[in-house]
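Visitor: task: produce atomic coordinates for the following.
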Amino acid sequence: MNDFSSRLQWMLAGRKANPWAKKLGISSGSVSRMLNNEPPGTEILTLIMRTEHVNLSWLLGGHGMPFMLDIYTCASEFEDMLSAHNQDANYDAYLCDNPNTKQLAVILSEPATCTFKNKTIEYNHVEMLLGPRRNSDIEGILNRCNVRYFSMDALNFKAFSRGQFGTYKMIDDDNKYALTLTPPRIQTPALSASSGHVLVKGRIGSGKSSQVFYASTGKIKSYTSKEKGDLLHTLIDVAESNNMKDKLDPETKLRTLSFLEKSGKPPSEITSDDIRYALLATMH
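Guide: From the prediction side, this is the model:
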């Protein structure tokens, strides 16, 4: 990637240049010139930087990381910055732990708009941070945010830490590389003295509320069709009583049932609160 055009194509990550540009209000002539290795003017560059979270020093000259990422080595400085962002806006906060490196990847996202050529452009404004994870209450620090957890394998976590993931790869629901929201965050395993099974304790976050789930790492018994049917009726009732019914599409129903099944609780012990938190965890 030794020229502007090749770096632009890499940033697009498989997207067609013309539909991408049309969505932003960039003319076909400007796209053609960019693909012919002619960088655009400041106005278009600013628009690309905002919507893609790309590092313009890299895009124009190949310097630094491809996308903007704030990296911290001091846990207190990292947490202070998260606290500052928490006061700044009501972000959706996406968190991913790396137990091997003891680092935490944080993506803060909020809807935003900007104006380009008298056209209002809607996009996701993001802040991406990476820092050491210590035994602090991150959800408490981000108590104004809608906290969710996502997973990355070791290779993708390394790519993230090198600034190789931008807005499109991490947040866009239509993108095959988009982050994968997960059921509860894995914490320190605890041994059950009675069964000898390892219980994995995790917490899903949603703003100021959270709920603890326990799941056996052994084989979890699947719910029967009748049990799923009964749960589905309750799920619909809970969604309606919590003003979530308009977001309850078939895919969300299936994901929520799967989440409840993986919680390790028998259907008879599933409460309305369990269902509510499962819905919050699976709704994008």
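
Visitor: helices of the chain, start to end?
Guide: 4-12, 17-24, 28-35, 42-52, 56-61, 75-88, 138-141, 154-161, 167-170, 225-241, 250-262, 272-282 (DSSP state H).

Visitor: could you dump those helices to CSV with distance to residue 110?
Guide: No exception for glycine: its C-beta is placed from N, CA and C like everyone else's. Below are those laid out as CSV (distance: least, C-beta to C-beta, whole Å):
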stretch, distance to residue 110
helix 4-12, 22
helix 17-24, 19
helix 28-35, 28
helix 42-52, 13
helix 56-61, 21
helix 75-88, 9
helix 138-141, 17
helix 154-161, 20
helix 167-170, 12
helix 225-241, 24
helix 250-262, 22
helix 272-282, 18
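
Visitor: quick check: which of those helices is buried the most?
Guide: helix 167-170 (a mean of 22; mean count of other C-beta atoms under 10 Å).

Visitor: what's in contact with that helix?
Guide: Outside helix 167-170, the residues within contact range by C-beta atoms under 8 Å, 6 or more residues apart in numbering are 12-13, 15, 51-53, 94, 107, 123-124, 126, 128, 175, 177-179.

Visitor: could you dump stretch 241-250 to PDB, C-alpha only?
Guide: Taking C-alpha atoms only, stretch 241-250 is exported to PDB below (Å, rounded to 0.1, in the frame of the first residue of the first chain):
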ATOM      1  CA  SER A 241     -44.100  -4.300  29.100                       C
ATOM      2  CA  ASN A 242     -40.600  -2.800  28.500                       C
ATOM      3  CA  ASN A 243     -41.400  -0.900  25.300                       C
ATOM      4  CA  MET A 244     -39.200  -3.200  23.300                       C
ATOM      5  CA  LYS A 245     -41.800  -5.000  21.100                       C
ATOM      6  CA  ASP A 246     -41.000  -2.800  18.100                       C
ATOM      7  CA  LYS A 247     -37.500  -4.200  18.000                       C
ATOM      8  CA  LEU A 248     -38.600  -7.800  18.500                       C
ATOM      9  CA  ASP A 249     -38.000  -9.200  15.000                       C
ATOM     10  CA  PRO A 250     -37.700 -13.000  14.400                       C
END
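
Visitor: gap between residue 234 and residue 169?
Guide: Noted for residue 234: a distance of 36 Å to residue 169, by C-beta to C-beta, to the nearest Å.

Visitor: hmm, I typed the wrong one, I wanted residue 54.
Guide: 11 Å.

Visitor: quick check: neighbours shared by those two?
Guide: Between them, residue 54 and residue 169 share no contacting residue, judged by C-beta under 8 Å, 6+ apart.

Visitor: nearest spatial neighbour of the residue nearest to the spatial centre of the chain, skipping sequence neighbours?
Guide: Residue closest to the mean C-alpha point of the chain, counted by C-alpha atoms, centre = their mean, is residue 94 at 4.3 Å. Nearest residue to residue 94 in three dimensions, chain neighbours excluded: residue 107, at 4.2 Å (C-beta to C-beta, 6 or more residues apart in numbering).

Visitor: so that neighbour bridges to which residues?
Guide: Per DSSP bridges, residues listed as beta-bridge partners of residue 107: residue 94, residue 128.

Visitor: who's in contact with it?
Guide: Contacts of residue 107 by C-beta under 8 Å, 6+ apart are 93, 94, 126, 127, 128, 129, 170, 171, 179.

Visitor: does the first one touch residue 108 like I think?
Guide: Yes. Here residue 93 lies in contact with residue 108, judged by C-beta atoms under 8 Å, at a distance of 5.5 Å.

Visitor: all good on my end, thank you.
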